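Trainee: model this:
(chains A, B, C and D)
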Number of protein chains: 2
Amino acid sequence: MNAAPNLAAIGALIGHPARAVMLEALNDGRAWTANELAMAAAVTAQTASTHLKRLVEGGMLVVEPQGRHRYFRIASSEVAEALEALEVLATRRGARPGLGAVRRDPITQARTCYDHLAGRLGVALTESLVAQRHLGEDDNGYTLTPAGARIMTGLGIDLTAVHQRRRMFARKCLDWSERRHHLGGALGAALTERLFELAWLKHFPRSRAVKVTRQGASGLKELGLALDPSS
Amino acid sequence: MNAAPNLAAIGALIGHPARAVMLEALNDGRAWTANELAMAAAVTAQTASTHLKRLVEGGMLVVEPQGRHRYFRIASSEVAEALEALEVLATRRGARPGLGAVRRDPITQARTCYDHLAGRLGVALTESLVAQRHLGEDDNGYTLTPAGARIMTGLGIDLTAVHQRRRMFARKCLDWSERRHHLGGALGAALTERLFELAWLKHFPRSRAVKVTRQGASGLKELGLALDPSS
DNA sequence: TCCATGCTTCGATCTGGATCGAAGTATCTC
DNA sequence: GAGATACTTCGATCCAGATCGAAGCATGGA
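Mentor: Next up, the predicted model:
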């Protein structure tokens, strides 16, 4: 049994500029309409339609009709993880944020990587949680300390439900813009979701980029969590 | 900063049939010559040459000249992990081994997935190590028990060196042919390498497929490790 | 040194897939 | 019901990239 034909097919799905833009946009974890994706990719509605059809048939996206609108989103966390792995490679070969430069670009500052927080903010929060000993590190990723469990529960996160999800609990996720780790896995997703629910985070319009709200900044400060990575 | 152009470029590298065959072949962890890869992909040497050049420039492969021969191999474990993540997706959408059928295909039986053992054998050994309590499981992957450490050390594996590698120690790696986990990470790689060194495993010629030698079967049996997954 | 082999480069040919104008279908709003 | 909007399908056009024959360069062996 040879996997190469299907590997090539998946690669080809990702390997076209318009489709890559769409996948990137959808990696904010939200659902987008066909029209929004056409505009994001700077193609006509009919071109977007054929691309989206291929992405759905290829298992990368799922579509939900709501009246005249068709909402597309990434099909699974497996798809997101594969895109993430490719992004790490893509950044290694592409232009990378200068080492010394402080980038002000909203995407590198803070963004959602499907369902968890990435960018400078993602790295900062993660490292802060480690420094405060809310997160430990073991051979395979992060662990949650008793103090960390109290913080999460205090924020309203149901840790039992998080443990029961069929994915890694607390993954060390290599951040493509920072080349350091941010918290992924079920815990990273739960924390990020909760911070959005609390309105401590919100999205820039039509973007993966994320900003910390005023109440978020003060809430995170109270927890002793930093908004900038240590140097 | 938008990552889509580079994402599309990486996808396109993988997304061509001849190149996908080459990447698949190289995922056995060995180095192949340009001619061997041309034959694997059923293209002429000149076509292979242009493809290989693109894969090297794209950071997927590295090349080492040895006299007239040029040996290509996968550039890093990050590349291998990205390919693996895509393979999981690719199998989900492609023809999948029938549930009830017992596949005799050497690739699904046992193969190397870059640097660790996969397929039925990889899953069997992993589950056996878990059943014998040589491996534990935690939130993020596998852990090595004291009994497991004795086994590994007894086999000649330097666990200190394994711990120092900059990658996950003992990863739960979803096997694309079995839809169950096999042992990946630095430990999976070290164990597999050692089993080849001991001549307990050997490759089918020019293939990712792996066979257990007679001494391997008896050595593994002595350790109480199964060659077939439990049902 | 000559011949064989491995590999790369060059240039011409071909094709698969992206693209968009036009048209059609479905849903929404007044 | 009419008009607007969202989206899909159809068909013609175009082009980027794959392909291989030919030629050239590098290495190995007799």
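Trainee: what's the following helix or strand after the lowest-mean-pLDDT helix or strand in chain A?
Mentor: In chain A, the helix or strand scored least confidently by mean pLDDT, DSSP states H and E is helix A:106-109, which has a mean of 80. Next helix or strand after helix A:106-109 toward the C-terminus (DSSP states H and E): strand A:111-113.
Trainee: neighbours of the spatially closest residue to A:Y142 that is not a sequence neighbour, how many?
Mentor: Spatial nearest neighbour of A:Y142, chain neighbours left out: A:A170 (3.8 Å); criterion: C-beta to C-beta, 6 or more residues apart in numbering or on different chains. Placement of C-beta: from N, CA and C, glycine included. Using other C-beta atoms under 10 Å in any protein chain shown, A:A170 is surrounded by 27 other residues.
Trainee: cool, and the one 3 residues further on?
Mentor: Here the neighbour count serves as a burial measure; for A:C173 (other C-beta under 10 Å) it reads 25.
Trainee: ok, now which ones touch it?
Mentor: Counting by C-beta atoms under 8 Å, 6 or more residues apart in numbering or on different chains, A:C173 touches A:E84, A:C113, A:H116, A:A118, A:H181, A:H182, A:L183, A:G184, A:G185, A:G188.
Trainee: check for me that A:H163 belongs to a helix.
Mentor: Yes. Under DSSP: H, G, I helix; E, B strand; the rest coil, A:H163 sits within a helix.
Trainee: give me the phi and psi angles of the residue nearest to it when sequence neighbours are not counted.
Mentor: Of all residues not flanking A:H163 in the chain, A:F169 sits nearest, at 6.5 Å (C-beta to C-beta, 6+ apart). Main-chain torsions, A:F169, degrees, to the nearest 10: phi -70, psi -60.
Trainee: what of A:E64?
Mentor: Backbone torsions of A:E64, given as degrees, to the nearest 10, read phi -130, psi 120.
Trainee: tell me the SS of the nearest residue to it once chain neighbours are set aside?
Mentor: Leaving aside its sequence neighbours, A:E64 sits nearest to A:Y71 (C-beta to C-beta, 6+ apart; 4.9 Å). Of the three states, A:Y71 takes strand under three-state DSSP.
Trainee: go ahead and confirm A:Y71 touches A:V56.
Mentor: No. If you go by C-beta atoms under 8 Å, A:Y71 and A:V56 don't touch, sitting 11.8 Å apart.
Trainee: please enumerate the shared neighbours of those two.
Mentor: Taking C-beta under 8 Å, 6+ apart as the criterion, A:Y71 and A:V56 both touch A:V63.
Trainee: contacts for the longest helix anywhere in chain A?
Mentor: As assigned by DSSP state H, the longest helix anywhere in chain A is helix A:77-93. Residues outside helix A:77-93 that contact it (C-beta under 8 Å, 6+ apart) are A:10, A:14, A:23, A:27, A:59-60, A:74, A:113-115, A:167, A:173-174, A:176-177, B:3, B:6-7, B:9-11, B:58-60, B:78-79, B:81-82, B:85-86, B:88-89, B:92.
Trainee: starting at the chain centroid, how far to it?
Mentor: Computed by C-alpha atoms, centre = their mean, to the nearest Å, the separation of helix A:77-93 from the middle of its chain amounts to 11 Å.
Trainee: cool, and stretch A:107-119?
Mentor: The chain centroid and the centroid of stretch A:107-119 are separated by 5 Å under C-alpha atoms, centre = their mean.
Trainee: again, but for stretch A:22-36
Mentor: Distance of stretch A:22-36 from its chain centroid, counting by C-alpha atoms, centre = their mean, is 12 Å.
Trainee: tell me if that stretch is near DNA strand C.
Mentor: No. Using C-beta under 7 Å from any atom of the strand, stretch A:22-36 never reaches DNA strand C; the gap is at least 10.3 Å.
Trainee: mind listing what's buried along that stretch?
Mentor: A:22-32, A:34, A:36 (16 or more other C-beta atoms under 10 Å in any protein chain shown).
Trainee: what do you get for stretch A:182-200?
Mentor: Those would be A:182-196, A:200, for stretch A:182-200 by 16+ other C-beta under 10 Å.
Trainee: so which of those residues comes closest to DNA strand C?
Mentor: Set against DNA strand C, the nearest of the buried residues of stretch A:182-200 by C-beta to the nearest atom of the strand is A:F196 (26.5 Å).
Trainee: and the residue nearest to A:H163, how many neighbours?
Mentor: A:F169 sits with 23 neighbouring residues when counted by other C-beta under 10 Å.
Trainee: so it is in contact with B:G141, correct?
Mentor: No. Using C-beta under 8 Å, A:F169 is not in contact with B:G141; the gap is 9.5 Å.
Trainee: common neighbours of those two, please.
Mentor: Common contacts of A:F169 and B:G141 (C-beta under 8 Å, 6+ apart): A:G141.
Trainee: no more questions from me, cheers.
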